[in-house]
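Undergrad: Please find the sequence and the predicted model below.
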Amino acid sequence: MAGPRTPLKWLETYSTPIALTLILVGVVGLTWASGAAVFAQTVTDTLIRIMLVVGLYIFIGNSGVLAFGHIAFTLIGAYGTAWLTLSVFKKSFALKLPLILAEHQYAVFPSAIAAALLASLVALVVGVPIMRLSGIAAAIASLAVLGMFHTFYNNWSGWTMGAATLPGLPLYVDMWVALGWVAFALFVAFAYQRSRFGLALRATREDEFGARAAGINIARQRLIAFVLSAFFMGLAGVLHAHFLGSIAVKSFWLGLTFTSLAMLIIGGQRSLTGAVTGAVVISGITEVLRQMEGGFTLGGVTLALPLGSQELGIALVMLLVLIFRPAGLTGGRELAFRLGRRRRADA
Amino acid sequence: MSGFLQHVVDAVALGSLYALTALGIGLIFGVMRLINFAHGDFIMVGAFSLVVPSSAATSTLLIGAWPAPLLVAGVCAVVIALALATERLAFRPVRRADPAVLLITSFAVSFFLQHAVIAIHGGRPKSANIWPNLMEPIVIAGVRMPQLQLITIVVTLGLLAALALFLKRTDIGVAMRAASEDFQTARLLGIRANYVIATAFAISGLLAAVVSLLYVAQTSVLSFQMGVPLVLFAFVATVVGGMGSLAGAVLGGFVVGVGSVFFQVVLPAAWRSNRDVWVYALVLLILLFRPAGLIKTKASEEKA
């Protein structure tokens, strides 16, 4: 497929990530203008979740194969950036790292890239056996990968402080930094899905045997998406780490796996717009329920929802969406706009 | 020698728990292509039914205080009712969806059950001491054997034999096998889908209840996440055994259980806490050479 020829055409072709980015810029801008620190936290948190769901979407959305192990890459990214960016002093008393890591503190930007690349590298290694499996077996095998890294990081005290929280990471991620990375992720994800690799993978999603007959190597196409998606899962871990300033192995486990998958499915796993929508909607619901767990006033009476209501609420919303709108809120459609005169619909 | 026997019994007993769990998952996968992540939470709810629901830190036995036959019947009834309820409320409406959506639905059910238990019982682990005398070893032919492990093995073998008879000899059992072979054709031949699926869930609930009793008798600890490691290993066992094959699920369960104990014994002490890493790695290795699992079935070749 030929690339867009004119700048105008380019804008149209990339209207989905452009529109999504503009909306996010609007939200961040308004939050910044309002100056409310609490909102800024929520917005940053939501942006990190968008990154996570876009990462999942690159693999699951395009391949149609569910994967339960992606949070392993987020874990790897988060600890990867910690090994690079913690100050030499903090490393010296908390961790036992090799000299090249222990005696240097690296700049945050190259560290973010390096940590995400590490996640991609791991995905490449574990992806080779997994991508040969059929859909359901692949989903379970990827869960085994998550179980493997979860157990390993939990016990690898010299590098991760084991089950304890690793504190003291540089806090540089605010909503503008998160926005920048999310915009980058949106454009890359979109460019990938309309590249020949993305189209080949989408063909295997629609008709596996037909795609194979057309000469598509399914395992290879899935592996490409797997590695690319691991990069952004890793980046989400990096953002998470430098937003909170501390990381713990236990926060990258089944809870996060479930919420991130829920966001993707609820938004609509077949489109990038769906991924973003799901992340925004679920973050919104979570935030409201969190406030209500903390107690709220209704007609002069202060009420509080019991602990666990957040998760119960999300599970219920998810079940309802699965039952009544199995294709998700967006139904697999993309947000897009047209510029200039109308042409015939895309062939 | 007795040390070796001890390890063998441990391995087979752990394998039994995984095999029963994998079988519960495999039965439902057979009839409706659902990989039931919530199976671990059936086990968990069965365990929590032993104690009085409250968020107090100390637990009081409820069903757990009943005499043994009533206790077993009570826990089985609770878990079977729960299994049937999830089928009716969550899985039946999405039955026609593809396996991926079914799997996600079961994830949501699991998440829901876990947090419902947190809301009712609080998030802290509780203790539930049932049948403490089973922990005492018995001596057979001069070898000290853990009684509970032997009971676990005997109960598992008994259940496997009963299930095999049920599937081979009863009408509904034959209908279930027909439905796992080819659900559409089975329906055309007059097999009632709802009845078959509900029966599969009931049996799966029964297996979960037995696992929760054996597991709690051994650990005496209740936690809302207690089903998770069991279900993870059982999942892995079904994949290793071959998706859709009941014999494969059982075989896979024993492979994973024996593998765990093997690594526990042979790994140097410093690596032992990483035992599960090796079990998962073993699984990936098996899949590398046998992507369809140890026992190949028609279902394992499903379209992705």
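TA: That came in fine, so what should we check first?

Undergrad: List, one by one, the residues from the stretch 101-250 of chain A near chain B.
TA: The stretch 101-250 of chain A comes close to chain B at residues A:126, A:129-130, A:132-141, A:143-145, A:147-148, A:151-152, A:155, A:204, A:208-209, as judged by C-beta under 8 Å from any C-beta of the partner chain. C-beta: built from backbone N, CA, C; applies to glycine.

Undergrad: Can you select the buried ones from the residues you listed in ChimeraX?
TA: Here is the ChimeraX command that selects the buried residues among these (16 or more other C-beta atoms under 10 Å in any protein chain shown):
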select /A:126,129,130,132,133,134,135,136,137,138,139,140,141,143,144,145,147,148,151,152,155,204,208
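
Undergrad: So which of the residues of the stretch 101-250 of chain A next to chain B are in helices?
TA: A:126, A:129-130, A:135-141, A:143-145, A:147-148, A:151-152, A:155, A:204, A:208-209 (DSSP state H).

Undergrad: Please report how far the residue of chain A positioned farthest from its centre lies from residue A:119.
TA: Here chain A reaches farthest from its C-alpha mean at residue A:300, the gap being 40.6 Å by C-alpha atoms, centre = their mean. Using C-beta to C-beta, to the nearest Å, residue A:300 is found at 51 Å from residue A:119.

Undergrad: what sits against residue 214?
TA: Unless you meant another one, I'm taking chain A. Residue A:214 is in contact with residue A:203, counting by C-beta atoms under 8 Å, 6 or more residues apart in numbering or on different chains.

Undergrad: ah, I was thinking of chain B
TA: When contacts are counted by C-beta under 8 Å, 6+ apart, residue B:214 touches B:16, B:17, B:148, B:151, B:152, B:155.

Undergrad: now with 7 Å?
TA: B:17, B:152, B:155 (C-beta atoms under 7 Å, 6 or more residues apart in numbering or on different chains).

Undergrad: Residue 239: how many residues sit nearby?
TA: Assuming you mean chain A. Using other C-beta atoms under 10 Å in any protein chain shown, residue A:239 has 28 neighbouring residues.

Undergrad: right idea, wrong chain: chain B
TA: 32.

Undergrad: quick one: the residue in the stretch 1-150 of chain A positioned nearest to chain B from residue B:98, how far?
TA: Nearest residue of the stretch 1-150 of chain A to chain B (C-beta to the nearest C-beta) works out as residue A:135 at 3.1 Å. As judged by C-beta to C-beta, residue A:135 and residue B:98 stand 9 Å apart.

Undergrad: okay, stretch A:41-53 in PDB with CA atoms only?
TA: Output in PDB follows, covering the C-alpha atoms of stretch A:41-53 (Å, rounded to 0.1, in the frame of the first residue of the first chain):
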ATOM      1  CA  GLN A  41      -2.700  13.100  39.300                       C
ATOM      2  CA  THR A  42      -5.800  11.400  38.000                       C
ATOM      3  CA  VAL A  43      -5.100  12.500  34.400                       C
ATOM      4  CA  THR A  44      -1.500  11.300  34.500                       C
ATOM      5  CA  ASP A  45      -2.700   8.000  35.900                       C
ATOM      6  CA  THR A  46      -5.200   7.700  33.100                       C
ATOM      7  CA  LEU A  47      -2.600   8.500  30.500                       C
ATOM      8  CA  ILE A  48      -0.400   5.700  31.800                       C
ATOM      9  CA  ARG A  49      -3.300   3.300  31.600                       C
ATOM     10  CA  ILE A  50      -3.900   4.400  28.000                       C
ATOM     11  CA  MET A  51      -0.300   3.500  27.300                       C
ATOM     12  CA  LEU A  52      -0.800   0.100  28.800                       C
ATOM     13  CA  VAL A  53      -4.000  -0.600  26.900                       C
END
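
Undergrad: For it, buried residues please.
TA: A:42, A:43, A:44, A:45, A:46, A:47, A:48, A:49, A:50, A:51, A:52, A:53.

Undergrad: Likewise for stretch B:158-169?
TA: For stretch B:158-169, the neighbour count (16+ other C-beta under 10 Å) marks B:159, B:160, B:163, B:167 as buried.

Undergrad: biggest separation within these, which pair?
TA: B:159 and B:167 (12.3 Å; C-beta to C-beta).

Undergrad: so who does residue B:101 touch?
TA: Counted by C-beta under 7 Å, 6+ apart, residue B:101 has contacts A:322, A:326, B:94.

Undergrad: Make sure it is indeed in a helix.
TA: Yes: counting by DSSP: H, G, I helix; E, B strand; the rest coil, residue B:101 falls inside a helix.

Undergrad: Strands of the stretch 201-304 of chain B, start to end?
TA: B:221-222 (DSSP state E, counting those that start in this stretch).

Undergrad: could you point out where it is predicted with low confidence?
TA: Scanning the stretch 201-304 of chain B for pLDDT under 70 picks out B:297-304.

Undergrad: returning to that earlier point: from the buried residues of stretch B:158-169, pick the one nearest residue B:25.
TA: residue B:163 (13.7 Å).

Undergrad: tell me the mean pLDDT over the helix or strand hosting that closest one?
TA: Taking DSSP states H and E as the criterion, residue B:163 maps to helix B:147-169. Average pLDDT, helix B:147-169: 92.

Undergrad: got a pLDDT number for residue B:88?
TA: 93.

Undergrad: same deal with the one 10 residues further on?
TA: Residue-level confidence at residue B:98 comes out at 74, pLDDT.

Undergrad: So what touches stretch A:256-275?
TA: Outside stretch A:256-275, the residues touching it (C-beta under 7 Å, 6+ apart) are A:16, A:20, A:49, A:52-54, A:56-57, A:60-61, A:68, A:71, A:146, A:186, A:189-190, A:193, A:276-279, A:281-282, A:314, A:317-318, A:321-322, A:327-335, B:104, B:107, B:111.
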